[in-house]
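1. how would this look folded up:
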Amino acid sequence: MTGWLTRHPTVLSEDDRAGLKDVLTRCPELDTVARHVRDFGEILGDRLGATLPAWIDSLDASQLPGLIGFALHLHRDLDAVTAGLTPDWSSGSIEGAVNRIKNIKRQLYGRAGFELLRTMICFISARRRCRCVTGGHVRDQRSAVQNPTGRSDLRNGYCNMAQVSVSTEQVQTAGRLWQEHRQAPFPDSLRRAEFGGTDVWLLDLYTAGCVLAWLDNDGTLDAENGRILQSCIEDLDRVIPEINDPAGAQYCQRLHQLAVLLSTNLASIK
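-> Numbering: from 1, shown residues only. Sure, this is the predicted structure:
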């Protein structure tokens, strides 16, 4: 019965339509409910938030307890509900990011401190971007361990020159800086710190994501990550002179050095 009322009439089969019509004929209260549900579906689908107050008034006039209770909840934050049913903008992407972070934290069984959670978010975000670029193929994290042939993954600071175009020195330096950065705690002075509208924690997150993408793709970045990295370098150039805490400045300078090192082979990215 609920499915008959909440689904769009055009997707109901002939048997469903006949069954719904029979039930509504026998129960006038359900017929009233069905009419209100269809009207609300139109408001939701066509973004007709301006008509919501009139729809709520019609619920009050119905004198049906369930509908009146729903109307009372809408009245508690009517402006927000109306706004949500009017513009095309949605907070869905933000909510999705928040849910992903919560899921990562739950996987760590409540033991995720700030530093570990930051590392996990950076790593998973970079692997997701790599998956989009490589069509689903992402090297397993265990490839960071040197293999029997003597060649090891970029995460350890080495490269197979037959596979990548970056220099051995560049890769080794990037691997060393990345290991130092991973082991360094995030400075307390930079928590929730903003300089010129730039959140340092997010800047660290974006830069680290680009670094992981670079390491996972044999020393290369796709165009989108290349643009993100260049933007991070510009932000770091602006932010570092404003940091008064020596530990915070050193942390961001190492991040800046790592980002600049990676950017030296981005000239070919279009």
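
2. can you map out the helices along the stretch 51-200 of the chain?
-> For the stretch 51-200 of the chain, helices defined by DSSP state H, counting those that start in this stretch occupy the ranges 52-62, 65-76, 78-84, 92-107, 114-134, 168-183, 200-216.

3. hmm, who's touching the second one?
-> Right, helix 65-76. Contact with helix 65-76 is made by 33, 36, 52, 56, 59-60, 62, 81, as judged by Cβ atoms under 8 Å, 6 or more residues apart in numbering. Where C-beta positions appear, they are placed from N, C-alpha and C, glycine not excepted.

4. next, the buried residues of it.
-> Buried residues in helix 65-76, counting neighbours by 16 or more other Cβ atoms under 10 Å, are found at 67, 71, 74.

5. pLDDT below threshold where in the stretch 51-200 of the chain?
-> The model of the stretch 51-200 of the chain has pLDDT under 70 over residues 107-112, 116, 123-166.

6. verify the stated contact: residue 262 with residue 210.
-> Yes - under the criterion of Cβ atoms under 8 Å, residue 262 makes contact with residue 210 at 6.9 Å.

7. which residues are common contacts for the two?
-> Contacts common to residue 262 and residue 210, judged by Cβ under 8 Å, 6+ apart, are 221, 229.

8. among the contacts of helix 65-76, which ones are buried?
-> In the contacts of helix 65-76, the ones that pass as buried (16+ other Cβ under 10 Å) are 33, 36, 52, 56, 59, 62, 81.

9. what sits closest to the last one if chain neighbours are left out?
-> Once its chain neighbours are removed from consideration, residue 81 has its nearest residue in residue 74; the separation is 5.5 Å (Cβ to Cβ, 6 or more residues apart in numbering).

10. I'd like to know how many residues surround the closest residue to residue 120 other than its chain neighbours.
-> Leaving aside its chain neighbours, residue 120 sits nearest to residue 104 (5.2 Å; criterion: Cβ to Cβ, 6+ apart). Counted by other Cβ atoms under 10 Å, the residues lying close to residue 104 total 17.

11. kindly report the same for residue 232.
-> Neighbours around residue 232, by other Cβ under 10 Å: 26.

12. tell me the mean pLDDT over stretch 22-33?
-> Stretch 22-33 carries an average pLDDT of 88.

13. check which helix or strand the closest residue to residue 55 other than its chain neighbours maps to.
-> Closest residue to residue 55 in three dimensions, ignoring its sequence neighbours and counting by Cβ to Cβ, 6+ apart: residue 39, at 5.8 Å. Using DSSP states H and E, residue 39 sits in helix 28-46.

14. now do that helix and helix 52-62, the angle between them.
-> 170 degrees (axes from the mean of the first three to the mean of the last three Cα atoms, to 10 degrees).

15. buried ones in helix 28-46?
-> For helix 28-46, by 16+ other Cβ under 10 Å, it's 30, 32-34, 36, 39-40, 43.

16. for the residue lying closest to residue 193 once chain neighbours are set aside, what are its contacts?
-> Computed as Cβ to Cβ, 6+ apart, the closest residue to residue 193 that is not its neighbour in sequence is residue 200, at 4.9 Å. Residues counted as contacts of residue 200 (Cβ under 8 Å, 6+ apart) are 190, 193-194, 239, 248, 252.

17. tell me the pLDDT at the residue nearest to residue 55?
-> pLDDT at residue 39 comes out at 90.

18. that one contacts residue 57, doesn't it?
-> No - under the criterion of Cβ under 8 Å, residue 39 is not in contact with residue 57, lying 11.8 Å apart.

19. roughly how far does the spatially most central residue of the chain sit from residue 120?
-> Residue closest to the mean C-alpha point of the chain, counted by Cα atoms, centre = their mean, is residue 97 at 3.2 Å. Distance, residue 97 to residue 120, by Cβ to Cβ, to the nearest Å: 14 Å.

20. now do stretch 176-192: everything it contacts.
-> So stretch 176-192 is contacted by 114-115, 118-119, 155, 157, 199-201, 204, 208, 211, 215, 243-245, 247-248, 251-252, 254-255, 257-258, 261 (Cβ under 8 Å, 6+ apart).

21. any of the residues you listed buried? List them.
-> Buried, going by 16+ other Cβ under 10 Å: 118, 155, 157, 199-200, 204, 208, 211, 215, 243, 248, 251-252, 255, 258, 261, out of the contacts of stretch 176-192.
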